[in-house]
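In: here's a sequence, model it:
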Amino acid sequence: MTIEQSLAGLPAFLLYFGLSLALLVLFVAIYVTVTPYKELTLIREGNQAAAISLGGAVIGFVLPLARAVTQSVSILDLVIWGVIALVVQVVVFFVVGKILPRFVVAITEGRVAGGILLAALAIGVGLLNAAAMTN
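Out: Below is the predicted model:
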């Protein structure tokens, strides 16, 4: 294999990777906007529960996004499945809030157990989301 052949996929890589990063930034921006507490402020203040819960949400989003990258047939296809993954993670947050209304207080107070639970649910749903994406 020549260098030219090896690098033939570089433009597609850059496009899909760049778009994936843009979707990740969009996800984080939307997620921290819709949650009732200020994750980034809490994290800057050393709140581990907020860091764990946001980290779990990011992983829960990236898992199906990565699957979408590997299975998408076009850029539009990737964007559609990326938006679906984004919506699923936001829904997870709101469903957990309905089932366990005090978890928001737990996270803002830095109780790590609440952050771990939300992270675990976000990652678990992200895994299911990724597995459900079929050709």
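
In: three-state assignment of residue 37?
Out: Using DSSP: H, G, I helix; E, B strand; the rest coil, the structure places residue 37 in coil.

In: I meant to write residue 46 there.
Out: Look at residue 46: counting by three-state DSSP, its state is coil.

In: any idea how far it is from residue 112?
Out: Applying CB to CB, to the nearest Å, the value for residue 46 to residue 112 is 12 Å. (Glycine included, C-beta is placed from N, CA and C.)

In: and those two? Which one has more around it.
Out: Higher neighbour count among residue 46 and residue 112: residue 112, with 17 against 9, using other CB atoms under 10 Å.

In: show the contacting residues for residue 108.
Out: When contacts are counted by CB atoms under 8 Å, 6 or more residues apart in numbering, residue 108 touches 37, 42, 47, 50.

In: so the second one makes contact with residue 52?
Out: No: with contacts defined as CB atoms under 8 Å, residue 42 does not count as touching residue 52, sitting 11.0 Å away.

In: number of residues surrounding residue 87?
Out: Going by other CB under 10 Å, the residues that sit close to residue 87 add up to 13.

In: residues contacting it?
Out: Counting by CB under 8 Å, 6+ apart, residue 87 has no contacts.

In: what about this structure, any weak spots by pLDDT?
Out: In the predicted model of the chain, residues 135 satisfy pLDDT under 70.

In: repeat that with 80
Out: Screening the chain residue by residue with the criterion pLDDT under 80, one finds the ranges 1, 134-135.

In: mind listing the strands for it?
Out: Counting by DSSP state E, the chain has no strands at all.

In: where do the helices sit along this structure?
Out: 3-6, 10-34, 39-44, 48-71, 75-99, 103-108, 112-132 (DSSP state H).
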